[in-house]
Structures are given as structure tokens and as C-alpha cells.
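**Student:** Turn this into a structure:
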Amino acid sequence: MRLEVGCIIELECAQPTPLLLLLRPRSGAHQWIARESYSLTPQVPATEYLDGFGNLCQRLVAPTGSFRIESRSEVIVAPSEDEGQGEVYVPVEALPDDALLYLIPSRFCESDRLGARANEITWGRAPGYDQVAAISRWVHSRLRYLPESDPMPISACEALERGEGVCRDFAHLGIALCRSLTIPARMVAGYLQDLEPMDLHAWFEAYVGGRWYTFDPTHPDQNKARVILALGRDAADVPVFNQFGPPVTPSGMHVFVREMPG
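**Tutor:** Below is the predicted model:
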């Protein structure tokens with residue numbers, strides 16, 4: 001499948017404002033970037049680097065006044081192969097080195113506080129994929145989805161206490177519960193086909209059976225194409241828009257995902 005995905009952000013800056021952006025998807029095992037464009041209006045100098053999680057990060061200083069960022073990509077997405085069949089738990093000593101950091105509690109995923117709850121949710125499930133699937137279903141049923149709730153990230157325990165949240169909060173809770181069972185889990189930010197209302201989306205991946213599998217506790221039955229923008233331990237690692245200095249709130253933001261012919 002070929003998708004056109006993109007994000008347009010408009011800002012009003014009271015002074016020159018340093019920005020870090022995560023708006024360029026990378027080619028990988030399940031997606032190939034066939035064509036892309038990235039424009040800044042007005043044009044300013046920008047550089048790009050690869051962060052510690054392999055994400056493409058754009059670095060620039062937005063000028064005073066109106067500023068527009070527009071990123072578009074044509075992406076060839078591989079057919080989904082993430083419907084597991086009871087893939088087994090991987091012992092810690094057998095995990096690849098790059099999966100180990102996704103076992104550790106992080107700023108928004110307090111896995112060290114949720115072990116008893118995770119064991120309760122997964123009681124009777126085979127260790128591995130079946131445990132993660134049970135966690136994802138439980139988070140979906142336990143939290144109420146509020147697409148317009150608090151824009152500031154909250155932790156897994158805070159989301160559990162509130163009983164509601166945005167997709168990011170659903171992912172945090174799923175990640176923290178998985179890690180409490182010593183299953184590596186990581187945050188994903190990106191695009192989801194046919195999401196309503198359309199916006200950037202968050203879900204998580206868990207490492208079982210020797211590879212990463214996708215789980216989306218917000219939309220567990222939405223078997224649609226996905227395009228990954230960024231991976232990390234939690235929302236602190238995958239902000240598609242990060243600014244420094246006096247707060248700047250986007251005056252406009254438009255996200256689109258369109259299926260293309262061919």
C-alpha cells in the first residue's frame with residue numbers, strides 16, 4: 001500500500017525560538033519512504049541528526065512572527081504481520097542489547113509500581129504475546145478515550161487514577177504494565193490510516209517471540225496502515241514538536257493520511 005502522509009504546523013513566535021522536530025519518517029522493515037518534501041516558511045537554516053533511538057530530528061530556530069513547517073511523505077507500507085499467535089516470552093538474558101533499555105521504568109511509565117496489577121490482568125495467560133494482548137485489551141476497557149483531554153503528558157499511574165486520557169496515556173499504561181512483567185515495551189508516534197478525528201497518533205510495541213509487535217490499546221480493532229515517525233521509552237522521547245524559551249502554542253496544525261493509487 002502507498003500512503004501520502006503529512007503534517008503542517010503554523011506558529012506565532014514573539015521572539016526567535018529554538019525548535020526540535022520529529023517530522024520525518026525513516027525507511028525501515030515495514031515502511032519505505034518513496035518521496036518526501038520538507039519546507040519552512042520563511043526559510044531558515046536547519047540541520048538534522050539521528051538521536052539515540054534512531055529517530056530523525058530536525059533542529060532550527062524559528063524567527064519572530066509567523067512561521068510554517070510542512071512535512072509530506074509518500075510511504076510504501078508493508079502488509080501488517082502483527083497479529084501474533086502466542087509468541088513466547090523472551091528471558092532477559094536472551095534479549096538483544098538494544099531492547100534492554102525498554103525494560104526500565106521511565107519518566108511516564110512507572111513499571112516498578114504496577115507489578116501486582118499486571119499479574120492480576122494476565123493471570124492464566126501464557127507468558128509473552130498473550131500477556132501483552134491481555135494488557136492492551138484491559139487498558140482499552142479501563143480508560144475512557146478523550147481526544148481533547150489535557151495536552152500535557154501524564155504518567156501511566158496518573159492515567160490509571162484518572163480513568164481517562166488521550167492515545168499517549170493509553171500507550172504509557174500499556175508500556176508500564178508490560179515492563180513490570182519484564183517484557184520490553186516502547187512508545188511509537190506516527191500516523192494511523194482512517195483515524196477519526198485525524199491527528200498524529202501514539203501506540204506501543206512489545207518485544208516477544210524474537211521481534212517487536214504492534215499493540216494499540218486506543219484502537220485495538222483498527223487494522224489499518226501505520227507510518228512510524230519516532231520511537232522511544234515514552235512521550236518524553238518522541239515529541240514531534242519541542243520548543244525552548246517562552247511557550248509557543250501552534251496557531252494551527254493539520255495532519256493528513258491519504259491512500260494513493262499503485
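
**Student:** Quick check: buried residues in the lowest-mean-pLDDT helix or strand in the chain?
**Tutor:** Of the helices and strands making up the chain, the lowest-confidence element is strand 241-243, at a mean of 92, by mean pLDDT, DSSP states H and E. Neighbour-count burial for strand 241-243, with 16 or more other Cβ atoms under 10 Å as criterion, is recorded at 241, 243. Where C-beta positions appear, they are placed from N, C-alpha and C, glycine not excepted.

**Student:** In its sheet, which strands sit next to it, and in what direction?
**Tutor:** Strand pairing for strand 241-243, using DSSP bridges, gives strand 17-21 (antiparallel).

**Student:** What's the first helix or strand after the strand it pairs with?
**Tutor:** Stepping forward along the backbone from strand 17-21, the first helix or strand reached (DSSP states H and E) is strand 31-41.

**Student:** What is that following strand packed up against?
**Tutor:** In this structure, strand 31-41 makes packing contacts with strand 65-77, judged by 3 or more Cβ pairs under 8 Å, 6 or more residues apart in numbering; DSSP states H and E.

**Student:** Give the residue spans of this structure that score low on pLDDT.
**Tutor:** Within the chain, the ranges that satisfy pLDDT under 70 run 80-81, 148-151.

**Student:** Please enumerate the helices of it.
**Tutor:** Remark: helices assigned in the chain by DSSP state H are 115-121, 129-142, 156-162, 167-180.

**Student:** now those as JSON lines including mean neighbour count?
**Tutor:** Written out in JSON lines, the entries for the helices of the chain read as follows (neighbours: other Cβ atoms under 10 Å):
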{"stretch": "helix 115-121", "mean neighbour count": "15"}
{"stretch": "helix 129-142", "mean neighbour count": "21"}
{"stretch": "helix 156-162", "mean neighbour count": "19"}
{"stretch": "helix 167-180", "mean neighbour count": "29"}
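
**Student:** Tabulate those (JSON lines), appending distance to residue 59.
**Tutor:** Converted to JSON lines, the helices of the chain look like this (distance: least, Cβ to Cβ, whole Å):
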{"stretch": "helix 115-121", "distance to residue 59": "38"}
{"stretch": "helix 129-142", "distance to residue 59": "34"}
{"stretch": "helix 156-162", "distance to residue 59": "30"}
{"stretch": "helix 167-180", "distance to residue 59": "23"}
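
**Student:** between those helices, which gets nearest to residue 229?
**Tutor:** Of all those, the one in closest proximity to residue 229, counting by Cβ to Cβ, is helix 167-180 (13.2 Å).

**Student:** For the closest one, name the packing helices and strands.
**Tutor:** On a contact count with 3+ Cβ pairs under 8 Å, 6+ apart, helix 167-180 meets helix 115-121, helix 129-142, helix 156-162, strand 185-192, strand 201-208.

**Student:** What lies in contact with the third one?
**Tutor:** Meaning helix 156-162. For helix 156-162, the external contacting residues (Cβ atoms under 8 Å, 6 or more residues apart in numbering) are 108-111, 113-114, 117, 142-143, 154, 165, 169-170, 172-173, 175-177.

**Student:** Name the residues linked to the nearest residue to residue 192 once chain neighbours are set aside by a beta bridge.
**Tutor:** Counting by Cβ to Cβ, 6 or more residues apart in numbering, residue 192 lies nearest to residue 201, which is 4.3 Å off, once chain neighbours are set aside. With DSSP bridges applied, residue 201 shows beta-bridge pairing to residue 190.

**Student:** Name all residues that make contact with residue 201.
**Tutor:** The contact partners of residue 201, taken as Cβ under 8 Å, 6+ apart, are 167, 189-192, 195, 218, 226.

**Student:** ok, now with 10 Å
**Tutor:** Counting by Cβ atoms under 10 Å, 6 or more residues apart in numbering, residue 201 touches 166-168, 171, 188-193, 195, 216, 218-219, 222, 226-227, 229, 255, 257.

**Student:** which of these count as buried?
**Tutor:** 166-168, 171, 188-193, 195, 216, 218-219, 226-227, 229, 255, 257.

**Student:** count of residues packed around the residue nearest to residue 231 when sequence neighbours are not counted?
**Tutor:** The shortest distance from residue 231 to any non-neighbouring residue, by Cβ to Cβ, 6+ apart, is to residue 53 (5.1 Å). Applying other Cβ atoms under 10 Å, we find 18 other residues in the vicinity of residue 53.
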